[in-house]
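> dropping the sequence and predicted coords here.
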Amino acid sequence: MSTRVDPNLLIDLQDYGAVGAEKCFNCGTCTAMCPLTSDEHPFPRNMIRLAQVGAKEQLLASTDPWLCYYCGDCASTCPKEAEPGETMMALRRWLTAQYDPTGLSAKLYTSETAVIKTIVRIGLIVLVLFIGYHALTGFHNIVTNSVQLNTFAPVMLVWALVLLHGSMLFYRMIAGVFKMSRHVLAPVTMGNKVPLRIYLETLPVYITAFATQRRWRDCHGDDEEKHDDGRWFKHFLLVTGYVTMLVLILGFLWWFQTDAFYPLWHPQRWLGYYATIVLIYTSSEILIGRWRKTEQLHRFSQPTDWLFPTFILTGAVTGIFVHIFRYAGWAWPTYIIYVIHVMAMVAMLDTEVGVGKWAHLFYRPLAMYLEAIKAKVREEQLVPDFAPTGTD
Ligand code: SF4
Ligand code: SF4
């Protein structure tokens, strides 16, 4: 592995939200307190040390920032108030930017102006697409004496655009996944190919971590004697809410966006209601927590920390209004709020998938998956002279 150092790394990390790493004198108290650390992964102390000396390559090859769930135990015991949990958070943002092939992530994380410009630009593109479509069709598709949403925005056309947009975002995400994998596996495989069998044998690690995020349950939170199941459960609820919505929109939009009026027991209604209620509750809870700053993980907020829950809340509230106005038979309010809903959702996906906070959803389980692959490579001695464990 390269031993080149980047003398500006610590300063760069400040742009990503590191607020006290320069004060750390490496006593290790934080690592001793961390419920998720291990001999192989003695974070956060090792990560702060690498950041201080500018060891960029070692940081890129490490999964440790993704193994931290920001329970905050380390920060409360640091004698220098170096905010180690916040440095771990800043490293996750920085790593996301390093994996992103488009450069958008770095801009969003380091510039508020870039965040605003990106959102406005995407919103305007969506608006122009709607206006352009209706201008081309002579505005005949706007029925105003009743609500005809699927005439105003033909569902198969919207669905085709959703799938096209989704494919582009998926490519961006996968490019990041490959880049992270290359960095993390290189020190162990040393140019050798990992057999496909090992990727497949360890795949359950990824699936389990993605579906449950169960490592989070080992965090202690406010009570050191207990596990912090409350926060884990709220996060789990949030994931079920937006995964339900993503599945409905990506796979079943032709069924979900309808002009029909279904009875209350119909799955189209209660799936939508479930996702909406969960998303409004969890996103409001996150926003209130960030505003109050009572929990360690909410004490410091970057603009991008506000962005995801704000978009989720906006999407859920505008979605509910589309539903109410449609059932009330108000044509123009339905169409206008539908356009705002689509503008917000496209802007959210463009500023989150693979480049923002939402990237954590993929990178955390990927970190555990790559660690399982590394362990298997070592166990089977596929590379005789592999690198030592850990990144300390
Ligand atoms: S962050 Fe604080 S507790 Fe951790 S090693 Fe540095 S000074 Fe010690
Ligand atoms: S925030 Fe929690 S999980 Fe992360 S390093 Fe600190 S104690 Fe460990």
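Thanks, I have the structure now. Ligands and ions are numbered 1, 2, ... in the order given.

> check what pLDDT the residue in the stretch 201-350 of the chain that ligand 1 sits nearest to gets.
Closest to ligand 1 within the stretch 201-350 of the chain is Gln296: 13.4 Å, counting by CB to the nearest ligand atom. C-beta here means a position set from N, CA and C on the backbone, and glycine is covered the same way. pLDDT, Gln296: 80.

> so it versus Cys78, what's the distance?
Distance, Gln296 to Cys78, using CB to CB, to the nearest Å: 11 Å.

> looking at it, Phe43 is touching Met33, isn't it?
No. If you go by CB atoms under 8 Å, Phe43 and Met33 don't touch, sitting 11.5 Å apart.

> could you point out which element follows the helix or strand where Ala90 lies?
Under the criterion of DSSP states H and E, Ala90 resides in helix 84-99. Scanning forward in sequence from helix 84-99 by DSSP H and E, the next helix or strand is helix 104-110.

> show me what counts as buried in that following helix.
Leu104, Ser105, Ala106, Lys107, Leu108, Tyr109, Thr110 (16 or more other CB atoms under 10 Å).

> next: stretch 266-282.
Within stretch 266-282, the residues that count as buried by 16+ other CB under 10 Å are Leu271, Gly272, Ala275, Thr276, Val278, Leu279, Ile280, Tyr281, Thr282.

> stretch 326-335 now?
Arg326, Trp330, Ala331, Pro333, Thr334, Tyr335.

> what do you get for stretch 292-305?
Judged by neighbour count using 16+ other CB under 10 Å, the buried positions of stretch 292-305 are Gln296, Leu297, His298, Arg299, Phe300, Gln302, Thr304, Asp305.

> give me the three-state assignment for Cys71.
At Cys71, secondary structure determined by DSSP: H, G, I helix; E, B strand; the rest coil is coil.

> just checking, it touches Cys30?
No. At 11.7 Å, Cys71 does not count as touching Cys30 under the criterion of CB under 8 Å.

> neighbour count winner among those two?
Cys30 (29 against 24; other CB atoms under 10 Å).

> and the more buried one, what pLDDT?
95.

> give me the buried positions along the one helix or strand it maps to.
If you go by DSSP H and E, Cys30 is part of helix 29-33. Neighbour counts over helix 29-33 (16+ other CB under 10 Å) mark Cys30, Thr31, Met33 as buried.

> give me the helices and strands touching it, please.
Helix 29-33 makes packing contacts with helix 45-53, helix 73-77 when contacts are defined by 3 or more CB pairs under 8 Å, 6 or more residues apart in numbering; DSSP states H and E.

> hang on, the earlier thing: which pair of the buried residues of stretch 292-305 spans the longest distance?
Spanning the widest gap among the buried residues of stretch 292-305 are Gln296 and Thr304, at 18.4 Å by CB to CB.

> Met88: neighbour count?
By other CB under 10 Å, 27 other residues sit near Met88.

> now for it: which residues touch it?
If a contact means CB atoms under 8 Å, 6 or more residues apart in numbering, then Met88 has Phe43, Pro44, Met47, Asp64, Pro65, Cys68, Tyr70 as its contacts.

> now with 10 Å, please.
18, 21, 30, 34, 43-44, 47-48, 51, 64-70, 74-75 (CB atoms under 10 Å, 6 or more residues apart in numbering).

> if we check ligand 2, which of these are in contact?
Filtering the contacts of Met88 for neighbours of ligand 2 using CB under 6 Å from any ligand atom leaves Cys34, Phe43, Pro44, Cys68, Tyr69, Tyr70, Cys74.

> how many neighbours does the first one have?
Taking other CB under 10 Å as the criterion, the count of residues near Cys34 is 26.

> now it: closest residue in space, sequence neighbours ignored.
Distances taken as CB to CB, 6 or more residues apart in numbering put Cys74 closest to Cys34, at 5.3 Å, once the chain neighbours are dropped.

> ok, the one you found - contacts?
By CB under 10 Å, 6+ apart, the contact set of Cys74 is 29-37, 43-45, 48, 68, 82-88, 296.

> ok, His183 next?
Met1, Glu57, Leu59, Leu60, Ala61, Ser62, Thr63, Leu95, Gln98, Tyr99, Leu370.

> for the residue of the stretch 201-350 of the chain closest to ligand 1, which non-adjacent residue is closest in space?
Closest residue to Gln296 apart from its sequence neighbours, by CB to CB, 6+ apart: Gly72 at 2.7 Å.

> backbone dihedrals for the one you found, please?
Per-residue torsions, Gly72: phi 90, psi 0 (degrees, to the nearest 10).

> having no further points to raise, I will conclude here.
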